[in-house]
Each structure stands twice: as C-alpha cells, then as structure tokens.
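> Give me a 3D structure for the following:
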Amino acid sequence: MAENLPPRRKRRSKQGVPQAAVSQDPPPVDVHPSIATLRGSHRAAHPDEGTILEAASHLLMVYEWPINCPRFMEGLRMLGLDCVSQLQYIRMDHNLLTALVERWSPQINSFHLPVGEMSITLQDVALILGLHIDGPALVGHNVVGAGRRWLSWPDCCDDLLGQHPQRDVVYVDPFNPRVSSKFRMGQAQAQTCLPLRWLRWTFYRDSYLDMNELDFWRHLRAYVLFLMGTYLLPDTSGCEIHLRFLPLLEDLGLFSTYSLGGAVLAHLYRELAEATKPKRANIAGCIHLLQIWCWERLHVGRPTLHVPQQVSLDGLSVGYRWNQQFIRQLPAGSLSSYRDELDGLLDSQVTWEPYTTEIMSQVPDICLSGRFIWLARVPLVSWTRVEWHLPDRVLRQFGFVPTIDVHPMEPKFVRVDGRGKSDTDWLVYYLHYIGLWEDRTSHITEGTPLGDDTKHLIQHYLQWFRSWATLYMLRPTSTPPTTYYPRSPSERYLRQYLLDTQRAVQPLLSSNDFSDAENVIRRIGELALDVCREIHIPDDHYTEEVHTGFTEDVQAGFTESISTPVFVDPYSMGAGPSSFQDSGPGHDYFSYPTQQHSPARVEDDILPVTVQVEQHLLRDRPVRPPQHYTPDSDALPHRGRRRR
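The predicted structure follows:
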C-alpha cells in the first residue's frame, strides 16, 4: 500500500519557501536601496497607523545630579566629558523626531530628503557633543565569570564602585528625604545592570574635595556610568545601565582614549534602525544629538532663540548654544505638518555646512582632535553593536560635490546584538570590524570641493538620487482643510500681516473715500517692518521700487528703517513653512506683475533657474491636511498615543 501513496511534499518554511532552497548567506546588497524596497517593514509604509515615537533618553535625570565641585569637573575634563556635562535639557520635539525616522534608511544609514541624502556623522558628534571620536573601539573582553577576573558582577561593583545594590537596604533620595526605595541589580538572576537612580542616590555629593583618592575615583566611575545610561548610550529600559562598560573604567586614563563618540553614533544608528519598525513606540540612543543635528542643518522645526546673534561658545561644544536658557520658543508642529515641511524641503532651507570658521575657532580642542577621520568610511563599534559610517554618501555636508559613485555596505554585514549571547567575547567576535576601525586612516573618502563650476554636478546628482530614492511621505488629500493653521512664529506674523492689511484697506475700497489713505499706508508700513524684523529677508534694494506711491514723509521714514541692514542670525529664526525660501532680495516677492504677465510668469522671469526648480517641486508635491484639530475644518482630531 505504501507504494501507492503520493510522494511527500517538501516542507516549507513560514515564508512559503522550501527549506532546501533557503540560503544561509545574507541577501545581496543594493548600491542605492530605497526605503520603498523595505515595503511593510518600515514605518513609512504605514503613515496613518504608526505611533508618535517617545524618546527613551533620560536627559532630564542628568540635571538631577548637578556637578559644581572643581575637583570633579577636573576629573571629567581628564575623561573628555566636561563639554557633555555642560549641555542642558531641552524639550524633545517628538513629532519632528518621528518625521525624521520615517525618512531614515537603515540600509545605508542616512535620511532620504528631497535635497539629497543627509546623515549624522562623526563630525557632528565631535562638534555638537564635544566627545573624543579617535581612539580604540569601545569594546573589551569578558572579565566576569568562572575562571575570569571577577566571579560575578556584584564582585566587580564592590571592587570598582565600593558597593552594589542590596535588596534589603532602603535608600533615600538625597534631594528629597521623604522619598525612599529598595533597589536590586537587573536582568533576573544574571545581575548585569545597575539602576540609574541607585547610582545618583548613592554617589551624589555636594563636594568631593575632602575624599581620599580611592573613593573619589569610585564616585567618578559611578557618574560616568550614570551619564552613559541617561544620555550617551541609553536603552529602552528607561532605568538601567549595563555593567559591561564598568571594567573599562578601571583605568580611567585608558578610558579617556577610547572612541566614545564613535560608540554613541553606532548606538544611535542602531536605535534609528529599530525605530523604523512600524509597531515601535519609542526611540532610544542619544536623541539630544539627533534633535540638535536637525536644528543645525534644517530649517524645519528650528526654535527661536532669545538673542539674534550666535551664542558665544567660550570653549564649549556647539550643542551648548541650544541650551534651554537660550531658547525663547520651540515650535509645536504636528507630525503631518513636519511631513509636509520635509516633503517640500528646498535647498535654500538646508545649512549644509553649519560649522563655520568662527565656530571652529571657539570650540575646545577635543572637538577638532579627530577631524582627520571625519570622512573615514569605517565600521563603528559600540560593544555588542556595529554600524557603518558612510560619509561618501553625504559629501555635501563636508563641502564636497556629491557623487553617484557610491558603494554599498559590506555584502556580508548583518546586524546582531547581545541578546542570547551573554558569554560571547565581542572583542573576538568583531575582530574583523575592529581591524577596519584600527586602520581608519586608510579609508578616508576624498571629494571635489564645491564651486561655481560644480553646480551642474549637483543637479546631475539630484537627478540620479530622485530616480530611485523615496522622497514623499504624504499622499494627496481628497478633503483639504477649510481653514489655515499657522505652524510657526514666522507663519503667524505673515498671517497677522495679511489680516491686518485687509482690515485696513477694505473700508477705503468699499467707500471710495481715500482721505485716510496716508494713515492706512503708514500702518501697512509698520506691519511690514514687524514682519521683516521677525523673518529673515536680507534686502538692500527694497524701497526704491515698492514705495514709489508713498508720500515723501512716509517714504523717508520707512526707507530709513527698512534699508538699514539688520543682522539676523539663521540660528535665531523660527521654523518657517516650506513655501517660504530665502532666495535673494525681498523686492522679488513684493513686486506687482504687469498686465502683460501672469504672476507665475513674472516669478519665472525674476527667479533664477535653481529657485524655479525648487518652486516647481514645491507646487507638485503631494500635501495632506494636518492631523491636529483645526476649528471649522475637516481635519481629524489627533488620536491618542498607543503605549507598549
């Protein structure tokens, strides 16, 4: 009977592919993979279903451990962490972070924007955070376990910190004695993590001047662990730091030579890749770095500062000028509005090289100590994680012509982490990548400096990039909103200018009585001055063409005010809408068309070719109404956030 049975079918895997046909090799790597190739595995494919990402960074906890002791500050300066300790808490713009993650390509570690690829590089880490980027990779051998340096992690803590959390001990908050708690080392029976609050409650002191040498170094190690767990290398746990970094702190002089900045960037790359998953509800890593990077380079979401000029750094890193004390107003845009901003991003709204010569002269030496590897195309190592640093894809951020001759990541590169690999010796496991990092000076990317004769090369690159990249996140709307919702301070000034001008002119037009025209003109001039003070419109030839109809007194007063150049630093601008770009003298925007030309025709005649291309892209991009509720509009109310 067995001979009459049909032949058995091959067992298939969950994907419907016969197991015999499943290859163990990594899939082939595309030279320029698009976000669209990830299909449903990227949150950009589900714009209406994904949640707003919550930042798992605990930067606010850093300022619960204030450092005012000169001896402790000197110890942090020795470790290269004094700049980080001076950075203050800033409110995270979760909608902006989510909009950026939707454009992150984990295949090539870069953002896909209409102006080309952009990414966070070692240059940004060094200048914004003031961390050491050159040196050995942040990884070490296993030193805890049977037959190793320490038998258990509590033994390691007792040796290097002087103590470890005891389950039966009640600890008291030094800032609020009425708050107490019991702590235990995390990760079940492995006891491989330390609670961040325990570190602060146990090792915080007003002064460390009277401590002996041994206790002082123990307190310094505890603070470094606390800083790494709350700010530099936070994970999604929200309350712990893995003890794998503690053995590296045994010799603090040696720890100061490690590439901590490279580890921070590798960790952020990995967390950005994890955050692209549709069901992910939070994002970890150094989110402070990501948000300041966006403010430095993009006009979208940039806050308004208290002072119009650049903040003097006084030997601190670039991130210092974005401290909360200098920010006057942080735009509260919705996710949909930021999507719209990024969909219509113009080249004039991007600061490709924000770190000017003046800034370079103010930052401390640690920010520039590794400048020779800013363009190194190498893997970055953060203990259990490895990510590729690809500056050849973002050459324009370094003042070079972008090229289409780019190379993919290593074909056999596979992302792994420490889950299920507690006994792995990562110094041996990543020996190949560590070797490439040690030979980083041999992998420096070269480029052609930008100039007036290289603009056609940029256009050639953009044509190539737009032929395969995913540029737009929004789809056209069928029911646009019936009211306008200003998204930023600049838009609110423009809206107020339009409404007040309309109210002032309407009575004259309806009654044909122009006896009060001089007062109306004077009022319009005052409104225009207010707009020019708040919005960056550099204009030296504005008055001659526009104010020909003014009376002599009004024109003289208005000309004297408006023709005087007023320096407004780009860092003090609010987040303006995509439809406003800084493309030359303001009289182009205020010139009235003649009868022989339509407004669009006059605009095409006046604006240069590059601006015409930008405006064409701006008009053709798909737009969707905002998700937040606007009174008397068809916009849907914002849905509540889902939490894990």
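
> So which residues of this structure form strands?
54-55, 104-105, 110-113, 116-118, 170-173, 176-182, 193-195, 240-242, 282-283, 304-305, 327-329, 378-382, 385-389 (DSSP state E).

> Can I get these in TSV including mean neighbour count, distance to G319 and mean pLDDT?
In this view, the C-beta of every residue, glycine as well, is placed from N, C-alpha and C. Output for the strands of the chain, formatted as TSV (neighbours: other Cβ atoms under 10 Å; distance: least, Cβ to Cβ, whole Å; pLDDT from 0 to 100):
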stretch	mean neighbour count	distance to G319	mean pLDDT
strand 54-55	19	16	85
strand 104-105	24	21	94
strand 110-113	22	19	95
strand 116-118	24	18	95
strand 170-173	13	29	90
strand 176-182	10	29	89
strand 193-195	23	26	92
strand 240-242	22	22	91
strand 282-283	22	19	91
strand 304-305	20	14	78
strand 327-329	14	12	77
strand 378-382	25	20	96
strand 385-389	24	20	96
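
> Sketch out the low-pLDDT regions of the chain for me.
Residue ranges of the chain with pLDDT under 70: 1-32, 57-59, 187-190, 307-310, 474-491, 533-644.

> ok, V300 touching G344?
No: at 9.6 Å, V300 does not count as touching G344 under the criterion of Cβ atoms under 8 Å.

> the more surrounded of those two?
V300 (28 against 25; other Cβ atoms under 10 Å).

> Pull up the gap between that one and G319, please.
19 Å (Cβ to Cβ, to the nearest Å).

> W150 pairs with what?
Counting by DSSP bridges, W150 is bridged to V144.

> That one: how many residues sit nearby?
Using other Cβ under 10 Å: W150 sits among 17 other residues.

> Mind putting the strands of the chain into CSV with distance to W437?
Shown next, in CSV, are the strands of the chain (distance: least, Cβ to Cβ, whole Å):
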stretch, distance to W437
strand 54-55, 28
strand 104-105, 23
strand 110-113, 20
strand 116-118, 23
strand 170-173, 40
strand 176-182, 41
strand 193-195, 27
strand 240-242, 21
strand 282-283, 26
strand 304-305, 38
strand 327-329, 36
strand 378-382, 5
strand 385-389, 9
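
> Please identify which of those strands is closest to R39.
strand 104-105 (13.4 Å; Cβ to Cβ).

> For that closest one, which helices and strands make contact with it?
strand 110-113, helix 260-275 (3 or more Cβ pairs under 8 Å, 6 or more residues apart in numbering; DSSP states H and E).

> Need the contact partners of it.
Contact with strand 104-105 is made by 33-35, 110-112, 272-273, 275-276, as judged by Cβ atoms under 8 Å, 6 or more residues apart in numbering.

> I'd like those as a markdown table, with distance to I90 appended.
As requested, the contacts of strand 104-105 are exported to a markdown table (distance: Cβ to Cβ, whole Å):
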| residue | distance to I90 |
| --- | --- |
| P33 | 33 |
| S34 | 33 |
| I35 | 28 |
| S110 | 24 |
| F111 | 20 |
| H112 | 26 |
| L272 | 19 |
| A273 | 24 |
| A275 | 19 |
| T276 | 24 |
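
> So which of those residues is the closest to P195?
So of the contacts of strand 104-105, ranked by how close each gets to P195 (Cβ to Cβ), first place is A275, at 24.7 Å.

> List the residues that contact the nearest residue to the closest one once chain neighbours are set aside.
Leaving aside its chain neighbours, A275 sits nearest to I283 (4.1 Å; criterion: Cβ to Cβ, 6 or more residues apart in numbering). Going by Cβ under 8 Å, 6+ apart, I283 touches 53-56, 97, 101, 271-272, 274-275.

> circling back to that earlier point, could the helices and strands packed on strand 104-105 go into CSV alongside distance to D452?
Output for these, formatted as CSV (distance: least, Cβ to Cβ, whole Å):
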stretch, distance to D452
strand 110-113, 24
helix 260-275, 33
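
> most neighbours per residue, which of those?
A comparison of the helices and strands packed on strand 104-105 by mean neighbour count, using mean count of other Cβ atoms under 10 Å, puts helix 260-275 on top with a mean of 25.

> Please identify which pair of the contacts of I283 lies farthest apart.
In the contacts of I283, the most distant members under the criterion Cβ to Cβ are E54 and L272, with 14.7 Å between them.

> how many other residues sit next to P331?
For P331, using other Cβ under 10 Å, the count is 22.

> pretty sure it contacts V300?
No: counting by Cβ under 8 Å, P331 does not reach V300; the two are 9.0 Å apart.

> Next up, the contacts around the spatially most central residue of the chain.
Compute the mean C-alpha point of the chain, and by Cα atoms, centre = their mean the closest residue is L290, 2.4 Å away. Contact analysis of L290 by Cβ under 8 Å, 6+ apart lists 97, 100, 120, 268, 272.

> Just list whatever residues bridge to the residue nearest to the last one when sequence neighbours are not counted.
Read it as L272. Distances taken as Cβ to Cβ, 6+ apart place W104 nearest to L272, at 4.9 Å, with adjacent residues excluded. Bridge pairing for W104 (DSSP bridges) gives the partners F111.

> Kindly report the same for V170.
In beta-bridge terms (that is, DSSP bridges), V170 pairs with K182.

> measure it to E64 for me?
19 Å.

> What of V311?
25 Å.

> Between those two, which has more neighbouring residues?
V311 (20 against 17).

> quick revisit: pick out whichever of the contacts of strand 104-105 sits closest to F326.
F111 (25.8 Å).

> The closest one touches V101, doesn't it?
No: F111 is beyond contact range of V101, at 9.1 Å (criterion: Cβ under 8 Å).

> Quick one: residues contacting S181.
Contacts of S181 by Cβ under 8 Å, 6+ apart are 170-171, 173, 197.

> Same list as before, these that is, but in CSV and with distance to V505 included.
Putting the contacts of S181 into CSV (distance: Cβ to Cβ, whole Å) gives the following:
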residue, distance to V505
V170, 72
Y171, 69
D173, 62
R197, 62
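
> number of nearby residues for the closest residue to S259 other than its chain neighbours?
Nearest in space to S259, with sequence neighbours left out and distances taken as Cβ to Cβ, 6+ apart, is G135 at 4.5 Å. Using other Cβ under 10 Å, the number of residues around G135 comes to 19.

> so G135 touches L254, yeah?
No: with contact defined as Cβ under 8 Å, G135 does not reach L254; the gap is 9.8 Å.
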